[in-house]
Each structure stands twice: as C-alpha cells, then as structure tokens.
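Novice: Got a predicted structure plus its sequence, pasted below:
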Amino acid sequence: MKGSFRQSMAWLHMWSGLIVGWVLFAIFVTGTASYYRADISRWMRPELVRVEPTDGAGLAASAERAVTYLKEHAPKARTWFIGLPQPDHPVLDLFWRTRPGEPPGHVTLDPKTGAEAAVRDTKGGDFLYRFHFELHMPPLWGRWVVGICAMIMLVALISGIVIHKRIFADFFTFRRDKAPRRSFLDAHNVTGVLALPFHLMITYTGIITLATLYMPWGVTTAYKGDSQAFFVEANWITTPRKPAGRTAEMAPIGPIVERAVATWSEPLERLTISNHGDANATVVAVFEEPHGLSHEHPQIAFDGVSGEILETRNGGLKPAAKTFTTMTGLHEAHFAGPALRILFFLCGLMGCAMVATGIVLWSLARLPKPGERSFPGLRLVQALNVGSIAGLPAAVAVYFLANRLLPVDLAGREDWEIRAFFGAWILAALVPLARPQRRAWCEGLAAVAVLCLAVVAADILTIPGHPLRASGGDPLFLWFDGSMLVLAALFAVASRKVRRYEAPRRERSARSERAPAPSSVPSPARSPARHTEPTHA
Amino acid sequence: MASHVGTTPLKERAAVAARVVLAAGGGYGIAALATALLSLTLPLPRSEAVAAATLVSFALMAGIVVLVFAMRTLLRATVTLAATALALAGGLWLVMRGIAP
Amino acid sequence: MTPLVLAVNLGLSFAGLTALCLSLNRHHSEIFDRRAERRAVLRLRAFGWAALAVSLFVAGAWEGWAFGPVQWFGALTGAAVGLVLLLSYRPRYVAPAALTALLVAAVPLAVLAAAS
C-alpha cells in the first residue's frame, strides 16, 4: 500500500471493521447472552421447577420411557438423542434425525410419566446460542459467514494493535467530555485494549470451535477426508459403527443407564442411540464435563444388543488435541462459576461496545464539514448503526416479551417467538431511515429501555409463581428481571445522553472548559466533575 | 485517508480490490496448503499432526493478510505469495507421492 | 474458595492498576493536581507490577495453573473497567478506592493463607 506500514494497517482496520461490523455486533451480543444460555432457557420455560438430581434408577426408568416413545414415534430414524433430566432442566429432551437435510424431530417428555411435558413451546436460550454461530441461516451457510466475519475480526484486531501508537500511555484514558470523535475513539480504545486478551482469545477460539469445517485440509490429506476417523484417533469420540444389516432386538436401556451411572461420578447428561434394531446398535452415554478448562465430555459406548461396554473415553488426550479442546472450553466457559462468569459476561459486553463504538466512529469520521456535500452512503450507514446497536437489543427484548405474552397453546409457538424477534429487528432497522439521525438514536435507545421494562412487567404479571408474588418462587426470576432493569437503566441513560448532547464546540470548547461550564448548558455529560484540564497529550 | 472515498481514481480502487482478493484467496490458499503439508510431515502421531496444523493455520492466514496489506507494491505481494504457495504445493505433491503406495 | 481468591485478585488488580495509572503523568496530575516526582513514579510502578504479580501467584497457587491465569485475566479486566469509569466520573475517589481495594484483598488473603 502507499504510505507507511501503520497507514496501510489503519486502512485495513477501518474497512475490515466496517464491512463486518454489524454482523459482528450481532454475534457478540448473542454470544455474550449465551454465557447465560441455560438460565435464559430456564426463564423461558417457567413451568419447569428445579428438582433434586435424579438417581441412577430414576434415570434408567425415564430412559426406558424415552425409548418406548421413540420406538413408537420415530421408528425409521437412524439416530436417537435422549437428553436425560437434569436438576435445572427436569424433562426428557428427545431429538431424532431421519434423513440428512430434514429438520430433526423434537419432543419434550415428562420423565416420570413418559407423556408429553406441559412446557411452553420455545427454543429458549438455544435460539440466541445458535444465532451466535449460524445467524438463523441454513447451518452450513451461517457457520461460514460467521467464520469469515471472525477471521476478518482477527485481522481487525491485529491491525488495530499495530495502529494504536500509545497503547500503554493511553491505557486508562477515557475523555468522555470531549468532542464526540475523541470520546468515541477513547471508548473504542479502552474497551478494545482493556479486554484485549479476551478479544483475541474469544476470536481465535471461536474459529477453532469450527476449525475442521473451515480448514478441513489436514483431515483431507492425512485421513482421506474421513473426519470421524480423525476424531476417534484424537480420542474425542467413541468409534462409530456402521449398521450390520441384520436385525436384532435391542437390550433394555435401563440396565445400560444404571451401569453408566455407576462407572463415573460426573452426572450423566445424554444418550445417543444409533442403528437401533440392527445387530450393530450402539448406545453412547455422554457425561457432564469434569471441572477443568478443557471441553471434553467423558463417554461410554455400549453394544446396544448385548449391553456390554465397547469402549470408554475419559481424558487422556495428547497435547495438540488437548490444546484444541482447551480452546473450545475457553470459548464456551462452561467451567466458569457465577463470579468468573460475570467477568466473562463483562468482557463480552466490552466486545459489543468495542464493535459498536467502532462502527459509530466510522460514520462520525465522515460527517460532512460545513459547506461540504454529505457522502452518499452515510445516511444508510447511520441508519444501519441505529438498526443494529439499538435494534438488536430491542429484538432480543421482544423475543423475551413474546415468550411471556403469546398464548401458551399457540400452534408453532416457538416459530412465532422467532418471527417476533426478526419482525422487531426489521422494524428497528427501517424506522431510522425515515428519522433524523439524532432522533433515531434517541428513540431507538429509549425503545430498548421501554422494552426491557416491559419484559419485567410481563414476567411479574404472567407468572403466578414469581418470587415477588408468591413465597418460595425461583430466585432465577429475580436475577433475570434485575438484569433487565439494569439494561433498561443503561439504555435510558444512553438515550438521555444523546438527547441532551450539545453539538461539539470544536476548538473553543477545549479551551473554555477550564472555566466552569456556561450555565446555559445544563448538560449532565459536561458537568465539571474534574476541575483541572491536564489531559492533553 | 477518509476524505478520498468519493474521489479515488479507478486505478487505485482496482489495486485495492486486487489486494483484498489476494489477501483472502492467498491467505486461505497458503494456510490450507500449509495445513495439508504439516499434517503429513510433522513428526507427531497422525491425529496430533492434524490437530496442531489446523490450530496454527488461522494465525498463519491472519499473518498473510497483514503481510499482503503491508507490502509496498501489489506485484511484490503477488510474487511472494505465489512463490510460497508454489513451494508448499510442490512439497505437498512430493510428500503425497512418497506416501502413496 | 474460589470467591475468596477472586476477591484477592480483584482487589490486588485494582490497587496495582491504580498504582500503574498514577505513575503516568496525565493521570497523576488529574488526581493530585501536580506532576509526579521521578522517585514516586518508580515506586508506583514497582508496587503496581508487584501487586499484579502477587495476584497472578495467588490465582495460580490456589486455583491451579490452568484456571489461575484465566481468572487473573478476568479480574484484571474487571478491575481495569472499574478504574477507568471511576477515573472518568469520580477521579477524587480513585486513591481511596485503591487503598480500600488493598485492604479488601488483604482479608481474604489472610484467610486463605491461614487455611492452607
């Protein structure tokens, strides 16, 4: 490129950031929310009550009920997946896939009776989680789009580090009371630099979670493209077995489950049953991860006909494979307890803020100077900025709201929740096109605050067992509503800031700031909190 | 830097577009070739070689993208990438011929 | 155990980062209305890095060297966010807050040391 290395990196940083900025923001927001995926899912299924862990005999009995149901309703499926009841998700979650390309079948059963559970139909936190890496597109397409965005994000991070000349001198610098370009640049730098270890880690490990999809060429050459063989050799999965083509009666699942539970101390999470009814039927019992950074579920494979143990997998990974699973584990942060999880969540929020301030900076840098014609795409970029930065949080709030307000027995309820999400987002992206820029920001941010409050109101009004209405309610609802209130407050403050904001008074303002702010400007953003003004570089 | 958006001559735009294509295609291509080659040649068990090669491939790709944008001229970037790709492809071809029965 | 270690990490990180921050002239004069002396700068830097190193050691020793660094980074980021916000909105409270953080870190550290 012409100019210095730093100039070309600045160009690369700016444009790579802009082209993926909006998608990246969506990935960051949904990913950050996914740190609380299980809690969101539980909040969205208020019918479920936390229970004591089920013992081996109880799990065995409910697995029997699951198999009975699947034999009747999904006899043709090659593979059955049985999610066993857990303390905070006390139902049987059954999935089956009959043919590639067809959406999988899914049903939720009561583990005590085997009848369909009386739980509202919702995707819960899984929608946000899957959106994080599939964007609600066909899985392969979505994963590639997200992967490309992540790769560009990695390039943007590296070039961003290169162009940040005073990375240590400016480490703590956030001049919030300067001209908007200055404050936004400071905010962009601070959110980027303070959480830089997190940003680099989350971007790289995010790519690694789907590495064999993006970079399959090692498997292609060393394993002739047989990725299953690679996973088996790397000690990640148990050996898959092809159907033998001879029918055979399956052994009862109960004793298999009891034997699995007795083998390891980790809770048994799910069963995968493949080739049922065949002589090569296999039951794989998958356990919860033991405490550790690495993402590896202990597994036991049983012969489905004889009920004998075929092989067990528990740890014992070689260094590179272990690095792989540790990176995946770091990305998912299953290991994080409540306190550490809050810190991860905070880092995620800083990622959202970094992306958001970055794309706003781009349009601030292109505001026409007096007497200049506005650059043609600017209007669109500005509207899209509002549409994503205020629009996506609004859409998430509407998703939660739909979960509480749609009739419980509505047909295709979970799809309606998702339609509400996208409807809200599209609306939020279109409205700013017709509004003046400042108003659009102000209204968009205020709308998010109002929607978050509406979620809290709807939660308290529609859930009879809410801890505010009945004693002994699940504290989860309080936590969830509390965080919604905090979010509402944050967005309300942001909206107020935009509304009260005074246009930058350019050079004059920097000098006049040493004097008390003129009384005609009652802006809270410029309140003279500090009385010296030595922050000039 | 920002002000030349609307007024960039066509030639310069084409050069930038070419660099983007080179960075994306060259970056992925070289990373892919390196992954394939390392998977076969690293002195580790097969699964370890594949895992290690795949792990570093994305860092390699990011490095190449930065390199393409840092190089003085487009020609030099193209030649460097082409030479690297050729060397990797040649090595891969030799290794695969050697391994094939 | 983990909450105690995390409290130590957060407290030490905040105190250490504040010391490092005050060793920069811009922030020093923002808070104390004067430039930092050379000796003070060196002392602040030494204390700051030492606090961060002790924090890393505590995390590693009690949480293991796999979790420790992760938790250390997390605490460092969390403390840094707090410091930057405080510095921007209530710069006068920075120094007292750092002293408090140091005390807050000392108590769980004593508990941990006594228990081991």
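Specialist: Nice, thanks for sending it over. Numbers count the residues shown, from 1 in each chain, chains lettered A, B, ... in the order given.
Novice: quick one, strands of the chain?
Specialist: In the absence of a named chain, this looks at chain A. If you assign secondary structure with DSSP state E, the strands in chain A sit at A:79-83, A:92-97, A:105-109, A:268-274, A:282-287, A:299-303, A:309-313.
Novice: hm, I was asking about chain B
Specialist: Going by DSSP E, chain B shows no strands.
Novice: which of the strands of chain A is buried the deepest?
Specialist: Mean neighbour counts were compared across the strands of chain A using mean count of other Cβ atoms under 10 Å in any protein chain shown; the top stretch is strand A:282-287, at a mean of 24. The way it works is simple: take the backbone N, C-alpha and C, and place the C-beta from them, glycine included.
Novice: how far off strand A:309-313 does that strand point, in degrees?
Specialist: Taking axes from the mean of the first three to the mean of the last three Cα atoms, to 10 degrees, one finds that strand A:282-287 is oriented at 30 degrees with respect to strand A:309-313.
Novice: Backbone dihedrals for the residue in chain C that chain A sits nearest to, please?
Specialist: Per Cβ to the nearest Cβ, the residue of chain C with the smallest distance to chain A is C:Gly74, at 3.7 Å. With angles defined as degrees, to the nearest 10, C:Gly74 sits at phi -60, psi -50.
Novice: hang on, it packs against A:Cys347?
Specialist: Yes: the criterion here is Cβ atoms under 8 Å, and C:Gly74 meets it with A:Cys347 at 7.1 Å.
Novice: Tell me the buried residues in stretch A:139-152?
Specialist: A:Gly142, A:Arg143, A:Val145, A:Val146, A:Gly147, A:Ile148, A:Cys149, A:Ala150, A:Met151, A:Ile152 (16 or more other Cβ atoms under 10 Å in any protein chain shown).
Novice: which other helices and strands contact the helix or strand containing C:Leu103?
Specialist: In this structure, C:Leu103 sits in helix C:94-115 according to DSSP states H and E. Taking 3 or more Cβ pairs under 8 Å, 6 or more residues apart in numbering or on different chains; DSSP states H and E as contact, the helices and strands that helix C:94-115 lies on are helix C:2-22, helix C:38-89.
Novice: Tell me what angle the longest one forms with helix C:2-22.
Specialist: If I follow you right, that is helix C:38-89. If you take the same axes, to 10 degrees, helix C:38-89 sits at 110 degrees to helix C:2-22.
Novice: Average pLDDT for helix C:38-89, rounded please.
Specialist: Per-residue pLDDT over helix C:38-89 has a mean of 93.
Novice: Ok, the first one next?
Specialist: Across helix C:2-22, pLDDT averages out at 93.
Novice: by how many degrees do the following helix or strand past that helix and helix C:2-22 diverge?
Specialist: Of the helices and strands lying after helix C:2-22 in sequence (DSSP H and E), the nearest is helix C:25-32. Direction vectors for helix C:25-32 and helix C:2-22, defined by the same axes, to 10 degrees, enclose an angle of 100 degrees.
Novice: Can you point out the buried residues in helix C:25-32?
Specialist: Under the neighbour-count criterion of 16+ other Cβ under 10 Å, helix C:25-32 has C:Arg26, C:His27, C:His28, C:Ser29, C:Glu30, C:Ile31 buried.
Novice: where does the third one land on pLDDT?
Specialist: It stands for C:His28. Looking at C:His28, its pLDDT reads 84.
Novice: Distance of it relative to C:Leu52?
Specialist: Summarising the geometry, the distance separating C:His28 from C:Leu52, computed by Cβ to Cβ, to the nearest Å, is 19 Å.
Novice: Buried residues in stretch B:33-46, which are they?
Specialist: With burial defined by 16+ other Cβ under 10 Å, the residues of stretch B:33-46 counted as buried are B:Leu33, B:Ala34, B:Thr35, B:Ala36, B:Leu37, B:Leu38, B:Ser39, B:Leu40, B:Leu42, B:Leu44, B:Arg46.
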